[in-house]
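# build me a structure from this.
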Amino acid sequence: MLHLQKALSDNLRHPNFWRQFFHRCLRTKPSHGYGGDVGRKSKCERHESNEEEKEEHIRLFKSRGQHLLTNPRILDCIVRTSNIKSDDTVLEIGPGTGNLTLKLLEAGNNVVAVEIDNRMVEILRKRTSERGFNDRLNIISGDALKTDFPEFNLVVANIPYNISSPLLAKLVYGVRTNPFRSATLLLQKEFARRLLAKPGDSEFNRLAVNVTLVAEVEFVMDVSKRDFVPCPKVDSSVIKIYPKSEIPNVDLNEWWAFTRTCFSKKNKTLGATFKQKKKLIELMNLSDSGKFLENDTSSSMTSFRGEVMRVLECGGFSDKRPIKLGNDDLLRLLSLFNEAGIFFHDRAKNKDTFDTAFDACDDLL
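Just a heads-up that it's a prediction; the model follows:
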(Lines give C-alpha, C1' and ligand atoms only; values in the text may rest on other atoms or scores of the structure.)
Protein backbone atom coordinates (compact mmCIF):
# COMPACT_ATOMS: atom_id res chain seq x y z
CA MET A 1 0.00 0.00 0.00
CA LEU A 2 2.89 2.32 0.84
CA HIS A 3 4.50 1.54 -2.50
CA LEU A 4 1.20 2.38 -4.28
CA GLN A 5 0.89 5.72 -2.45
CA LYS A 6 4.51 6.58 -3.24
CA ALA A 7 4.04 5.70 -6.93
CA LEU A 8 0.88 7.80 -7.08
CA SER A 9 2.60 10.71 -5.41
CA ASP A 10 5.50 10.55 -7.86
CA ASN A 11 3.08 10.47 -10.80
CA LEU A 12 1.22 13.54 -9.58
CA ARG A 13 4.47 15.46 -9.41
CA HIS A 14 5.53 14.39 -12.92
CA PRO A 15 4.70 17.10 -15.53
CA ASN A 16 3.81 14.56 -18.25
CA PHE A 17 1.11 13.05 -16.01
CA TRP A 18 -1.07 16.17 -16.08
CA ARG A 19 -0.46 16.74 -19.76
CA GLN A 20 -1.67 13.21 -20.59
CA PHE A 21 -4.54 13.44 -18.07
CA PHE A 22 -6.04 16.59 -19.64
CA HIS A 23 -5.46 15.27 -23.13
CA ARG A 24 -7.51 12.16 -22.35
CA CYS A 25 -10.28 14.20 -20.68
CA LEU A 26 -10.66 16.44 -23.70
CA ARG A 27 -10.45 13.54 -26.14
CA THR A 28 -13.00 11.36 -24.36
CA LYS A 29 -16.65 11.81 -25.40
CA PRO A 30 -18.31 13.61 -22.45
CA SER A 31 -21.44 12.40 -20.76
CA HIS A 32 -24.63 14.47 -20.41
CA GLY A 33 -24.60 17.11 -17.75
CA TYR A 34 -21.94 19.63 -16.79
CA GLY A 35 -19.15 19.82 -19.29
CA GLY A 36 -21.31 18.21 -21.95
CA ASP A 37 -20.15 20.75 -24.54
CA VAL A 38 -16.45 20.36 -23.87
CA GLY A 39 -14.64 19.22 -26.99
CA ARG A 40 -17.93 18.83 -28.91
CA LYS A 41 -19.01 20.53 -32.08
CA SER A 42 -22.39 22.20 -32.29
CA LYS A 43 -25.11 20.59 -34.40
CA CYS A 44 -24.48 23.23 -37.05
CA GLU A 45 -20.73 22.54 -37.05
CA ARG A 46 -21.28 18.78 -37.32
CA HIS A 47 -23.60 19.27 -40.29
CA GLU A 48 -21.06 21.57 -41.89
CA SER A 49 -18.22 19.11 -41.35
CA ASN A 50 -20.18 16.20 -42.83
CA GLU A 51 -21.40 18.25 -45.75
CA GLU A 52 -17.91 19.50 -46.55
CA GLU A 53 -16.66 15.92 -46.73
CA LYS A 54 -19.59 14.84 -48.87
CA GLU A 55 -19.42 17.82 -51.20
CA GLU A 56 -15.69 17.48 -51.76
CA HIS A 57 -14.78 20.43 -49.55
CA ILE A 58 -16.51 22.95 -51.83
CA ARG A 59 -16.36 26.49 -50.52
CA LEU A 60 -19.76 28.11 -49.95
CA PHE A 61 -20.26 31.86 -50.06
CA LYS A 62 -22.76 33.45 -47.66
CA SER A 63 -22.51 36.69 -49.67
CA ARG A 64 -24.09 34.85 -52.62
CA GLY A 65 -26.85 33.40 -50.47
CA GLN A 66 -25.34 29.90 -50.68
CA HIS A 67 -26.88 28.07 -47.73
CA LEU A 68 -27.47 24.36 -48.34
CA LEU A 69 -30.40 22.71 -46.59
CA THR A 70 -29.09 19.44 -45.14
CA ASN A 71 -31.85 18.20 -42.81
CA PRO A 72 -33.49 15.23 -44.61
CA ARG A 73 -36.67 15.57 -42.55
CA ILE A 74 -37.18 19.16 -43.77
CA LEU A 75 -36.32 18.19 -47.34
CA ASP A 76 -38.91 15.40 -47.28
CA CYS A 77 -41.52 17.74 -45.82
CA ILE A 78 -40.94 20.31 -48.58
CA VAL A 79 -41.40 17.64 -51.25
CA ARG A 80 -44.60 16.34 -49.62
CA THR A 81 -45.99 19.85 -49.28
CA SER A 82 -45.38 20.49 -52.97
CA ASN A 83 -47.88 17.76 -53.98
CA ILE A 84 -45.79 16.70 -56.95
CA LYS A 85 -47.51 14.50 -59.53
CA SER A 86 -45.69 11.75 -61.40
CA ASP A 87 -45.92 13.66 -64.70
CA ASP A 88 -44.91 17.09 -63.32
CA THR A 89 -41.95 19.16 -64.48
CA VAL A 90 -40.52 20.96 -61.46
CA LEU A 91 -38.52 24.18 -61.65
CA GLU A 92 -35.82 24.43 -58.99
CA ILE A 93 -33.83 27.64 -58.63
CA GLY A 94 -30.46 27.48 -56.91
CA PRO A 95 -30.21 23.68 -56.48
CA GLY A 96 -26.70 23.87 -55.04
CA THR A 97 -25.26 20.40 -54.63
CA GLY A 98 -28.60 18.67 -55.21
CA ASN A 99 -29.91 17.70 -51.77
CA LEU A 100 -33.43 18.79 -52.74
CA THR A 101 -33.01 17.98 -56.43
CA LEU A 102 -32.56 14.25 -55.82
CA LYS A 103 -35.75 14.08 -53.78
CA LEU A 104 -37.66 16.04 -56.44
CA LEU A 105 -36.49 13.59 -59.11
CA GLU A 106 -37.70 10.70 -56.98
CA ALA A 107 -41.17 12.26 -56.77
CA GLY A 108 -41.68 13.89 -60.17
CA ASN A 109 -41.10 13.31 -63.84
CA ASN A 110 -38.56 15.98 -64.76
CA VAL A 111 -36.66 18.74 -62.98
CA VAL A 112 -35.35 21.94 -64.51
CA ALA A 113 -32.55 23.22 -62.26
CA VAL A 114 -31.18 26.75 -62.74
CA GLU A 115 -27.76 27.22 -61.13
CA ILE A 116 -25.32 30.09 -61.60
CA ASP A 117 -22.31 28.46 -59.87
CA ASN A 118 -20.46 26.10 -62.23
CA ARG A 119 -18.88 24.26 -59.28
CA MET A 120 -22.34 23.33 -58.06
CA VAL A 121 -23.35 22.25 -61.56
CA GLU A 122 -20.48 19.76 -61.70
CA ILE A 123 -21.40 18.23 -58.34
CA LEU A 124 -25.09 18.14 -59.29
CA ARG A 125 -24.32 16.29 -62.53
CA LYS A 126 -22.16 13.78 -60.69
CA ARG A 127 -24.71 13.05 -57.96
CA THR A 128 -27.65 12.67 -60.34
CA SER A 129 -25.58 10.49 -62.67
CA GLU A 130 -24.75 8.15 -59.79
CA ARG A 131 -28.50 7.77 -59.15
CA GLY A 132 -29.40 7.31 -62.81
CA PHE A 133 -31.43 10.54 -63.03
CA ASN A 134 -29.50 12.29 -65.81
CA ASP A 135 -32.17 11.79 -68.47
CA ARG A 136 -34.80 13.51 -66.30
CA LEU A 137 -32.72 16.50 -65.19
CA ASN A 138 -32.31 19.64 -67.30
CA ILE A 139 -29.58 21.85 -65.81
CA ILE A 140 -29.52 25.47 -66.96
CA SER A 141 -26.21 27.08 -66.05
CA GLY A 142 -26.94 30.77 -65.65
CA ASP A 143 -28.55 33.61 -63.71
CA ALA A 144 -32.15 32.79 -62.81
CA LEU A 145 -33.08 36.47 -63.05
CA LYS A 146 -31.92 36.66 -66.67
CA THR A 147 -32.92 33.17 -67.82
CA ASP A 148 -36.04 32.40 -69.85
CA PHE A 149 -37.54 29.42 -68.07
CA PRO A 150 -38.86 26.50 -70.12
CA GLU A 151 -42.35 25.18 -69.38
CA PHE A 152 -42.94 23.83 -65.88
CA ASN A 153 -45.86 22.90 -63.62
CA LEU A 154 -44.42 23.61 -60.18
CA VAL A 155 -41.70 25.62 -58.50
CA VAL A 156 -39.90 24.07 -55.52
CA ALA A 157 -36.79 25.87 -54.34
CA ASN A 158 -34.54 27.03 -51.55
CA ILE A 159 -34.33 30.58 -52.84
CA PRO A 160 -30.93 32.31 -52.52
CA TYR A 161 -31.47 35.07 -49.97
CA ASN A 162 -29.96 37.81 -52.08
CA ILE A 163 -32.44 37.44 -54.99
CA SER A 164 -35.69 36.76 -53.11
CA SER A 165 -37.54 39.95 -54.12
CA PRO A 166 -36.73 40.09 -57.85
CA LEU A 167 -37.17 36.35 -58.28
CA LEU A 168 -40.55 36.40 -56.58
CA ALA A 169 -41.61 39.25 -58.87
CA LYS A 170 -40.46 37.28 -61.91
CA LEU A 171 -42.49 34.24 -60.88
CA VAL A 172 -45.79 35.81 -59.81
CA TYR A 173 -45.95 38.48 -62.51
CA GLY A 174 -44.65 36.19 -65.22
CA VAL A 175 -47.37 33.61 -64.64
CA ARG A 176 -49.37 34.85 -67.63
CA THR A 177 -46.60 33.78 -69.99
CA ASN A 178 -45.29 30.91 -67.85
CA PRO A 179 -48.24 29.48 -65.88
CA PHE A 180 -47.65 27.10 -62.97
CA ARG A 181 -49.79 25.39 -60.33
CA SER A 182 -47.92 26.45 -57.19
CA ALA A 183 -44.55 27.50 -55.82
CA THR A 184 -43.16 26.02 -52.59
CA LEU A 185 -40.36 28.32 -51.49
CA LEU A 186 -37.87 28.39 -48.63
CA LEU A 187 -37.22 32.03 -47.73
CA GLN A 188 -35.71 34.09 -44.95
CA LYS A 189 -38.18 34.11 -42.07
CA GLU A 190 -38.41 37.91 -41.93
CA PHE A 191 -39.05 38.11 -45.67
CA ALA A 192 -41.72 35.42 -45.43
CA ARG A 193 -43.43 37.27 -42.56
CA ARG A 194 -43.61 40.42 -44.67
CA LEU A 195 -45.09 38.39 -47.50
CA LEU A 196 -47.73 36.86 -45.19
CA ALA A 197 -48.69 40.12 -43.46
CA LYS A 198 -52.35 41.19 -43.46
CA PRO A 199 -53.91 44.68 -43.38
CA GLY A 200 -53.56 46.05 -39.86
CA ASP A 201 -50.39 44.05 -39.08
CA SER A 202 -47.34 46.13 -38.25
CA GLU A 203 -45.41 44.26 -40.98
CA PHE A 204 -48.01 44.97 -43.69
CA ASN A 205 -46.26 46.50 -46.71
CA ARG A 206 -46.09 46.84 -50.50
CA LEU A 207 -44.58 43.39 -50.84
CA ALA A 208 -47.74 41.77 -49.46
CA VAL A 209 -50.02 44.13 -51.41
CA ASN A 210 -48.38 43.54 -54.78
CA VAL A 211 -47.94 39.79 -54.44
CA THR A 212 -51.45 39.09 -53.13
CA LEU A 213 -52.90 41.04 -56.05
CA VAL A 214 -52.01 38.09 -58.28
CA ALA A 215 -51.46 35.16 -55.88
CA GLU A 216 -52.51 33.53 -52.62
CA VAL A 217 -49.77 32.98 -50.03
CA GLU A 218 -49.84 30.19 -47.43
CA PHE A 219 -47.52 29.55 -44.47
CA VAL A 220 -46.13 26.00 -44.22
CA MET A 221 -43.48 25.87 -41.48
CA ASP A 222 -40.43 27.51 -39.94
CA VAL A 223 -36.94 26.07 -40.47
CA SER A 224 -34.07 26.55 -38.02
CA LYS A 225 -30.85 28.15 -39.24
CA ARG A 226 -29.06 25.10 -37.78
CA ASP A 227 -30.44 23.00 -40.64
CA PHE A 228 -28.26 24.82 -43.20
CA VAL A 229 -24.62 24.75 -44.23
CA PRO A 230 -23.12 27.24 -43.68
CA CYS A 231 -25.39 28.45 -40.90
CA PRO A 232 -27.08 31.74 -41.85
CA LYS A 233 -27.66 34.41 -39.23
CA VAL A 234 -31.44 34.01 -39.28
CA ASP A 235 -34.08 31.29 -39.42
CA SER A 236 -36.11 30.54 -42.53
CA SER A 237 -39.72 29.72 -43.41
CA VAL A 238 -41.40 27.61 -46.06
CA ILE A 239 -44.32 29.26 -47.84
CA LYS A 240 -46.55 28.14 -50.67
CA ILE A 241 -47.80 30.46 -53.42
CA TYR A 242 -50.85 29.77 -55.60
CA PRO A 243 -51.28 32.03 -58.66
CA LYS A 244 -54.82 33.37 -58.94
CA SER A 245 -56.83 32.19 -61.92
CA GLU A 246 -58.35 35.66 -62.24
CA ILE A 247 -56.70 38.96 -61.37
CA PRO A 248 -58.24 42.45 -61.25
CA ASN A 249 -58.45 44.36 -64.53
CA VAL A 250 -55.93 47.03 -63.68
CA ASP A 251 -52.96 48.59 -65.45
CA LEU A 252 -50.12 47.01 -63.47
CA ASN A 253 -47.70 49.90 -64.00
CA GLU A 254 -50.35 52.27 -62.69
CA TRP A 255 -51.00 49.97 -59.73
CA TRP A 256 -47.31 49.67 -58.82
CA ALA A 257 -46.79 53.43 -58.99
CA PHE A 258 -49.94 54.01 -56.92
CA THR A 259 -48.93 51.57 -54.17
CA ARG A 260 -45.45 53.10 -54.09
CA THR A 261 -47.02 56.48 -53.36
CA CYS A 262 -49.41 55.14 -50.72
CA PHE A 263 -46.86 52.99 -48.88
CA SER A 264 -44.01 55.52 -48.93
CA LYS A 265 -45.42 56.49 -45.50
CA LYS A 266 -47.69 53.58 -44.71
CA ASN A 267 -48.64 54.83 -41.22
CA LYS A 268 -49.58 58.35 -42.33
CA THR A 269 -53.12 59.20 -43.38
CA LEU A 270 -53.67 59.38 -47.12
CA GLY A 271 -54.87 62.94 -46.67
CA ALA A 272 -51.47 63.93 -45.25
CA THR A 273 -49.54 62.01 -47.91
CA PHE A 274 -51.36 63.65 -50.82
CA LYS A 275 -51.00 67.17 -49.42
CA GLN A 276 -47.24 67.14 -49.99
CA LYS A 277 -46.36 69.75 -52.63
CA LYS A 278 -43.65 67.62 -54.26
CA LYS A 279 -46.04 64.70 -54.69
CA LEU A 280 -48.79 66.95 -56.06
CA ILE A 281 -46.43 68.43 -58.68
CA GLU A 282 -45.35 64.93 -59.72
CA LEU A 283 -48.93 63.71 -60.07
CA MET A 284 -50.08 66.82 -61.90
CA ASN A 285 -47.38 66.28 -64.54
CA LEU A 286 -48.59 62.69 -65.05
CA SER A 287 -52.32 63.47 -65.07
CA ASP A 288 -54.76 65.03 -67.51
CA SER A 289 -53.38 68.48 -66.92
CA GLY A 290 -55.94 70.07 -69.26
CA LYS A 291 -58.61 69.48 -66.63
CA PHE A 292 -56.78 71.59 -64.08
CA LEU A 293 -55.25 74.39 -66.17
CA GLU A 294 -55.86 77.91 -64.88
CA ASN A 295 -54.45 81.31 -65.81
CA ASP A 296 -51.30 80.71 -63.77
CA THR A 297 -49.36 77.79 -62.33
CA SER A 298 -50.35 78.58 -58.75
CA SER A 299 -54.05 78.48 -59.59
CA SER A 300 -53.59 75.23 -61.52
CA MET A 301 -51.92 73.64 -58.53
CA THR A 302 -54.68 74.82 -56.23
CA SER A 303 -57.28 73.34 -58.58
CA PHE A 304 -55.40 70.04 -58.79
CA ARG A 305 -54.93 69.80 -55.01
CA GLY A 306 -58.65 70.45 -54.54
CA GLU A 307 -59.53 67.61 -56.92
CA VAL A 308 -57.18 65.17 -55.14
CA MET A 309 -58.72 66.05 -51.77
CA ARG A 310 -62.23 65.75 -53.21
CA VAL A 311 -61.51 62.19 -54.43
CA LEU A 312 -60.14 61.18 -51.03
CA GLU A 313 -63.04 62.68 -49.09
CA CYS A 314 -65.78 61.37 -51.41
CA GLY A 315 -64.36 57.86 -51.16
CA GLY A 316 -63.96 58.10 -47.40
CA PHE A 317 -60.16 57.69 -47.63
CA SER A 318 -58.87 61.02 -46.35
CA ASP A 319 -58.27 59.78 -42.80
CA LYS A 320 -57.40 56.20 -43.78
CA ARG A 321 -53.89 54.76 -43.42
CA PRO A 322 -52.43 52.43 -46.09
CA ILE A 323 -51.28 49.91 -43.48
CA LYS A 324 -54.95 49.15 -42.74
CA LEU A 325 -56.26 48.98 -46.32
CA GLY A 326 -56.74 45.74 -48.24
CA ASN A 327 -56.43 45.35 -52.00
CA ASP A 328 -60.14 45.89 -52.62
CA ASP A 329 -60.00 49.30 -50.94
CA LEU A 330 -56.80 50.27 -52.75
CA LEU A 331 -58.20 49.21 -56.13
CA ARG A 332 -61.33 51.29 -55.52
CA LEU A 333 -59.29 54.36 -54.58
CA LEU A 334 -57.09 53.99 -57.67
CA SER A 335 -60.20 53.72 -59.83
CA LEU A 336 -61.61 56.92 -58.29
CA PHE A 337 -58.38 58.77 -58.99
CA ASN A 338 -58.21 57.57 -62.61
CA GLU A 339 -61.87 58.48 -63.22
CA ALA A 340 -61.01 62.00 -62.05
CA GLY A 341 -58.12 62.18 -64.52
CA ILE A 342 -55.42 61.68 -61.85
CA PHE A 343 -52.72 59.16 -62.75
CA PHE A 344 -49.58 57.81 -61.11
CA HIS A 345 -47.64 56.36 -64.06
CA ASP A 346 -46.46 57.87 -67.35
CA ARG A 347 -49.05 56.47 -69.76
CA ALA A 348 -46.78 57.18 -72.74
CA LYS A 349 -44.59 54.27 -71.64
CA ASN A 350 -45.34 50.59 -72.28
CA LYS A 351 -48.22 49.15 -70.31
CA ASP A 352 -47.64 46.44 -67.68
CA THR A 353 -45.10 44.43 -69.68
CA PHE A 354 -43.04 41.99 -67.67
CA ASP A 355 -39.80 43.70 -68.68
CA THR A 356 -41.09 46.95 -67.19
CA ALA A 357 -42.07 45.19 -63.98
CA PHE A 358 -38.84 43.27 -63.69
CA ASP A 359 -36.66 46.35 -64.29
CA ALA A 360 -38.33 47.97 -61.29
CA CYS A 361 -38.83 44.87 -59.18
CA ASP A 362 -36.61 46.01 -56.28
CA ASP A 363 -38.74 49.12 -55.99
CA LEU A 364 -41.90 47.14 -56.75
CA LEU A 365 -41.57 44.85 -53.74
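
# bridging residues for N158?
Applying DSSP bridges to N158 gives these bridge partners: L186.

# quick check, it in contact with G98.
No. Look at N158 against G98 with CB atoms under 8 Å: they stay out of range, at 11.4 Å. Using the backbone N, CA and C atoms, a C-beta is placed for each residue, glycine as well.

# ok, L60 to V223 distance?
17 Å (CB to CB, to the nearest Å).

# same question for S182.
From S182 to V223 the distance is 18 Å (CB to CB).

# what does T261 give?
For T261, the distance to V223 - CB to CB - is 36 Å.

# likewise V209?
On the measure of CB to CB, V209 and V223 end up 26 Å apart.

# and T259, by the same measure?
Counting by CB to CB, the gap from T259 to V223 is 30 Å.

# which residues touch P150?
The contact partners of P150, by CB atoms under 8 Å, 6 or more residues apart in numbering, come to T89, V112, N138.

# hang on, I meant C77
Shown in contact with C77 (CB under 8 Å, 6+ apart): M221, V238.

# same question for the one 10 residues further on.
D87 sits next to N109 when contact means CB under 8 Å, 6+ apart.

# SS state for it?
coil (DSSP: H, G, I helix; E, B strand; the rest coil).

# in whatever helix or strand L75 lives in, which residues are buried?
L75 is located in helix 72-82, with elements delineated by DSSP states H and E. By 16 or more other CB atoms under 10 Å, the buried positions in helix 72-82 come out as I74, L75, C77, I78, V79, T81, S82.

# distance to R305 for the residues you listed - can I get that in a markdown table?
Listed next are the buried residues of helix 72-82 as a markdown table, based on distance: CB to CB, whole Å:
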| residue | distance to R305 |
| --- | --- |
| I74 | 55 |
| L75 | 57 |
| C77 | 55 |
| I78 | 52 |
| V79 | 56 |
| T81 | 51 |
| S82 | 51 |
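
# could you dump these into a markdown table and include pLDDT and distance to C231?
Below are the buried residues of helix 72-82 laid out as a markdown table (pLDDT from 0 to 100; distance: CB to CB, whole Å):
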| residue | pLDDT | distance to C231 |
| --- | --- | --- |
| I74 | 97 | 14 |
| L75 | 97 | 17 |
| C77 | 97 | 20 |
| I78 | 98 | 19 |
| V79 | 97 | 23 |
| T81 | 97 | 23 |
| S82 | 97 | 25 |
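
# more neighbours: T261 and V223, which one.
More crowded of T261 and V223, by other CB atoms under 10 Å: V223, with 21 against 18.

# nearest residue to E218 other than its sequence neighbours?
K240 (4.5 Å; CB to CB, 6 or more residues apart in numbering).

# helix or strand for that neighbour, which one?
Applying DSSP H and E, one finds K240 within strand 236-243.

# give me the next element, helix or strand, following that strand.
Strand 236-243 is succeeded, C-terminally, by helix 252-262 (DSSP H and E).

# elements contacting the next helix or strand after that following helix?
Where DSSP H and E defines the elements, the next helix or strand beyond helix 252-262 is helix 270-273. Applying 3 or more CB pairs under 8 Å, 6 or more residues apart in numbering; DSSP states H and E, we find helix 270-273 packed against helix 252-262, helix 297-314.

# worst average pLDDT in these?
Ranked by mean pLDDT, the helices and strands packed on helix 270-273 bottom out at helix 297-314, with a mean of 90.

# and that helix, how far out from the chain middle?
Taking CA atoms, centre = their mean, to the nearest Å, one finds the center of helix 297-314 at 40 Å from the center of the full chain.

# wait, doesn't T81 sit right on F219?
No. Between T81 and F219 there is no contact under CB under 8 Å: 11.0 Å.

# against G306, how distant is R80?
Distance from R80 to G306, by CB to CB: 58 Å.

# where do the strands sit along the stretch 101-250 of the chain?
110-115, 137-141, 154-158, 182-188, 215-223, 228-229, 236-243 (DSSP state E, counting those that start in this stretch).
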